[in-house]
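A.B. asks: pasting the structure only:
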RNA sequence: GCGGGCGUGGCGGAAUUGGCAGACGCGCUGGUUUUAGGUACCAGUUCUUCGGAGUGUGGGUUCGAGUCCCGCCGCCCGCACCA
């Protein structure tokens, strides 16, 4: 394609200028109204791809647009630079993860700059930067001191391929590791946890006030998983003063309890198991403990092989009857009390279990007529339930709960699905957990003046997969800060989600030393006004960051901050390749560089804005390159028009000039509205329409007003400035001396100009359009219907008598005949 | 199974509150310029038996439905035995 200008040179020129002049640096003392725009800082796994391009194009557009709207805009960037891929790459290449990481960051940075994305680079935060690590560790120790960080034994997911513990989300539905594909094992290990469950209630409640996509809010609510119920005691038949505590959300079904089940991990299991049942129980327990949680809660596999009778009985407090106690793998030791009551008639799992083991099934809720399923979980009148008979589920729940509180050591209780956050990783390339182990003093925090603890450089990343920290004598051996005796360092590192849980706070104040950030400075910017990222972070990153901020406030590191970090969230769609998911492992990512080198960054940006609604997925197809060429064509047409190529400009005014001015101002309205609604595809379309109009008008035989043309050109460049910043800046500079296009205020539509004096009114007969009439905008209902009824085309279409006239001036008249 | 979203030309999509369906772009067709191709520019492009019909499908509300309500069909996303 022959371009009217040297795209590569122009883009390079402006990128250098924005970078060298720090055009988008912003001072914390800036007096203007503030706006914090943040695109999720990327993981530097390799060169940039179209997902990055899309994400950072949106972010950059908001930054430039809000700046033109006279906000003090905070636009920081950084890199989420710890993580397994860098470590695995280093193992493969026999080098140090830092070398790999630094190289990837350099690539990604270059790619972002060539996109024309602008940031306050003084605020760059990299997770692996010792300056940042120091404060990550300070925060860890503050959590430890506040009791929010603790060490405990727990059954965890262990990936043999990655040689580390995994978070639940890194385990796929089939029980394999999402990264290596190895089958994940369950191991009982002592690990570090953050007490995120302390915040379950607040994390759940605050979801309501967030201006986030409903989808993401629902996912957060599901993840936290609140359920209200009663925890009470089923007395042991053999020893009525002791009991088995169970949790239920359906106390109303108590009369239908025909058995109880404990988890294989349950502390009382040993005691409950009689000698005759010992072997069977032991076999079940052994197998269950080797399974993943996913396998255990899966509905696959015969239930008959998944439970065993313990030989003991407990007493149903409602009926005073003894019921048998089973052990089964589907009951989890980590949720509730690790023991449940079995109500086969009103719970599907219990129904299946009871059927498999021949346990009695007693209905306590009347199912609807014709109900032929097993368990009925809906509402209905209670039966077979003594004092609950006749009550609906809600009323019976309340009455039954009262009864349990009085008679079975019951308490009303809320349980959450959310578990404490396992933060330790047996990996090298992460932020070391800053504690030492002393034989005398136990777990001892590393004193703050010795932070950061940084992993040594002289390590060999061998192929065993074990973290070299665990065997590095120089790192391992230290002395106890308390007693001075020999001690060993913690060799686990923190989950990389801890790094991304507070980077946005450091970015708001990267200048203060000695503390993670100055809360007064940070409060000037927080919360983030617009957060932009991928839907894949819908749960974990966003939940963890929300927890961090609340916890930091409560332990005094961040007083005065809003308790929710991200006021508004936008999640962009994914890029697919001909309908399939793109990923690095599939090797089907599309790099932006070839586009920068040919059509230019502006064209690629316009494509991403124009292709469809930002929230929707984009399918990269055979047609995509043609659409990108179309965007380049649009830019070239803008360029030629602004450079007055073959125009016919005159000094006089003509009637067409008035109409063009109106179009210009209507375009301001349309684009501004589209920008606010994140409807960038229609914003681009509106500009394309304006260009079409201007191109024809400015080249028409009768001539076009030079003055009106100049206003149109200015306006078009201003509206284009956030979308295609390079070409807009270049054309502006060529025609208008002084401050650049991005330093100009966003244009405001002249309301008087936009208002039409007359409008085309549609006349329908029985709902079909029969005439279009030019009418004044303030035409009355009567005048409109009279005018419509006089029209020859309308008269011809009206066959019978007119029964009704619906007049909605000035848009429409509908005649019913 | 539960929850949420979506279904519009050959394709991506537009239509903010019920009021001219298909803006804008891609592709395609024709034309002008050009030795030719490409570029650029102009015109056309839902279907049609030219009456009309038409927004997955069947109903409903309304003068009027892509838009609101109910039932189906299909696709996508999340949760999935959390007691």
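C.D. replies: Happy to help now that I have it. Remember, predicted model here, so these are calculated numbers, not experimental data.

A.B. asks: helix/strand/coil for residue A:613?
C.D. replies: The three-state assignment at residue A:613 reads coil, by DSSP: H, G, I helix; E, B strand; the rest coil.

A.B. asks: which residues sit in contact with it?
C.D. replies: The contact partners of residue A:613, by Cβ atoms under 8 Å, 6 or more residues apart in numbering, come to A:573, A:679, A:681. Yep, even glycine has a C-beta here, placed from its N, CA and C like the rest.

A.B. asks: For it, give its distance to RNA strand B.
C.D. replies: 4 Å (Cβ to the nearest atom of the strand, to the nearest Å).

A.B. asks: cool, and residue A:778?
C.D. replies: From residue A:778 to RNA strand B the distance is 17 Å (Cβ to the nearest atom of the strand).

A.B. asks: quick one on the thing from earlier: filter the contacts of residue A:613 down to the ones in helices?
C.D. replies: residue A:681 (DSSP state H).

A.B. asks: The residue in the stretch 551-700 of chain A positioned nearest to RNA strand B: how many residues sit nearby?
C.D. replies: Across the stretch 551-700 of chain A, no residue is closer to RNA strand B than residue A:630, which sits at 2.9 Å (Cβ to the nearest atom of the strand). Neighbours of residue A:630 under the rule other Cβ atoms under 10 Å: 14.

A.B. asks: got a list of what it touches?
C.D. replies: Here residue A:630 is in contact with no residue (Cβ under 8 Å, 6+ apart).

A.B. asks: Next, count neighbours for the closest residue to residue A:586 other than its chain neighbours.
C.D. replies: The spatial neighbour of residue A:586 that comes closest, neighbours along the chain excluded (Cβ to Cβ, 6 or more residues apart in numbering), is residue A:580 at 7.8 Å. As a burial measure, residue A:580 scores 11 neighbours (other Cβ under 10 Å).

A.B. asks: can you check residue A:476 too?
C.D. replies: Neighbours of residue A:476 under the rule other Cβ under 10 Å: 15.

A.B. asks: same thing with the one 5 residues further on?
C.D. replies: Neighbouring residues of residue A:481 were enumerated by other Cβ under 10 Å; the total is 16.

A.B. asks: same thing with residue A:479?
C.D. replies: 12.

A.B. asks: Report the separation between it and residue A:487.
C.D. replies: Distance from residue A:479 to residue A:487, counting by Cβ to Cβ, to the nearest Å: 6 Å.

A.B. asks: For the residue of the stretch 551-700 of chain A closest to RNA strand B, give its distance to residue A:50.
C.D. replies: From residue A:630 to residue A:50 the distance is 17 Å (Cβ to Cβ).

A.B. asks: Residue A:492 and RNA strand B, how far apart?
C.D. replies: Distance of residue A:492 to RNA strand B, computed by Cβ to the nearest atom of the strand: 25 Å.

A.B. asks: ok, back up a step: under a three-state scheme, what state does the residue of the stretch 551-700 of chain A closest to RNA strand B occupy?
C.D. replies: Following three-state DSSP, we place residue A:630 in the helix state.

A.B. asks: Same check on residue A:772?
C.D. replies: strand.

A.B. asks: Count the residues that sit near the nearest residue to it once chain neighbours are set aside.
C.D. replies: The shortest distance from residue A:772 to any non-neighbouring residue, by Cβ to Cβ, 6+ apart, is to residue A:760 (5.1 Å). When neighbours are defined as other Cβ under 10 Å, residue A:760 has 11 of them.

A.B. asks: quick one: contacts for residue A:760?
C.D. replies: So, once contact is read as Cβ under 8 Å, 6+ apart, residue A:760 ends up touching A:772-775.

A.B. asks: about what we covered before: and the residue of the stretch 551-700 of chain A closest to RNA strand B, how far is that from residue A:441?
C.D. replies: In terms of Cβ to Cβ, residue A:630 sits 69 Å off from residue A:441.

A.B. asks: ok, back up a step: what does the pLDDT read for the residue of the stretch 551-700 of chain A closest to RNA strand B?
C.D. replies: In this model, residue A:630 is scored at 95, pLDDT.

A.B. asks: repeat for residue A:372
C.D. replies: In this model, residue A:372 carries a pLDDT of 67.

A.B. asks: how about the helices of the stretch 51-200 of chain A, start to end?
C.D. replies: Using DSSP state H, counting those that start in this stretch, the helices assigned to the stretch 51-200 of chain A run over residues A:84-93, A:97-115, A:130-145, A:200-206.

A.B. asks: mind checking which of the ones you listed is nearest RNA strand B?
C.D. replies: helix A:200-206 (12.1 Å).

A.B. asks: circling back to that earlier point, with mean pLDDT as added columns, please give the helices of the stretch 51-200 of chain A in TSV.
C.D. replies: Below are the helices of the stretch 51-200 of chain A laid out as TSV (pLDDT from 0 to 100):
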stretch	mean pLDDT
helix A:84-93	83
helix A:97-115	95
helix A:130-145	98
helix A:200-206	92
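
A.B. asks: Which one, of these, ends up nearest to residue A:619?
C.D. replies: helix A:97-115 (21.3 Å; Cβ to Cβ).

A.B. asks: Can you give me the buried ones in the closest one?
C.D. replies: For helix A:97-115, the neighbour count (16 or more other Cβ atoms under 10 Å) marks A:97, A:100-102, A:104-105, A:107-109, A:111-115 as buried.

A.B. asks: buried residues in stretch A:225-245?
C.D. replies: So for stretch A:225-245, counting by 16+ other Cβ under 10 Å, buried means A:226, A:229-236, A:243-245.

A.B. asks: and of these, the nearest to RNA strand B?
C.D. replies: residue A:229 (5.6 Å).

A.B. asks: Can you name the residues bridging to the residue nearest to residue A:586?
C.D. replies: residue A:577 (DSSP bridges).

A.B. asks: For it, report the pLDDT, please.
C.D. replies: 75.

A.B. asks: so how many other residues sit close to the residue nearest to residue A:557 when sequence neighbours are not counted?
C.D. replies: Using Cβ to Cβ, 6+ apart and skipping the chain neighbours, the partner closest in space to residue A:557 is residue A:142 (5.9 Å). Neighbour count of residue A:142, defined by other Cβ under 10 Å: 19.

A.B. asks: gap between the two ends of stretch A:194-206?
C.D. replies: 20 Å (Cα to Cα, to the nearest Å).

A.B. asks: and the stretch 351-500 of chain A, which of its residues are near RNA strand B?
C.D. replies: A:415, A:417 (Cβ under 7 Å from any atom of the strand).

A.B. asks: can you check the stretch 501-650 of chain A too?
C.D. replies: So far as Cβ under 7 Å from any atom of the strand goes, the stretch 501-650 of chain A lies against RNA strand B at A:535, A:539, A:610-613, A:616, A:619, A:621, A:623, A:626-627, A:629-630, A:633-634, A:636-637, A:640.

A.B. asks: Identify those among those that sit within strands.
C.D. replies: Judged by DSSP state E, those include residue A:619 as members of strands.

A.B. asks: filter the residues of the stretch 501-650 of chain A next to RNA strand B to the buried ones?
C.D. replies: A:535, A:539, A:610-611, A:619, A:634, A:636-637.

A.B. asks: So which of the residues you listed belong to helices?
C.D. replies: A:610, A:634, A:636-637.

A.B. asks: Could you work out the most separated pair of those?
C.D. replies: A:610 and A:636 (15.3 Å).

A.B. asks: and the closest residue to residue A:331 other than its chain neighbours, what pLDDT?
C.D. replies: The shortest distance from residue A:331 to any residue other than its chain neighbours is 4.3 Å, reached at residue A:263 (Cβ to Cβ, 6+ apart). On pLDDT, residue A:263 comes in at 91.

A.B. asks: Distance of the residue most central in space within chain A relative to residue A:218?
C.D. replies: Of all residues in chain A, the one closest to the mean position by Cα atoms, centre = their mean is residue A:538, 2.9 Å from it. Using Cβ to Cβ, one obtains 9 Å as the distance from residue A:538 to residue A:218.

A.B. asks: so which helix or strand takes in residue A:584?
C.D. replies: Counting by DSSP states H and E, no helix or strand carries residue A:584.
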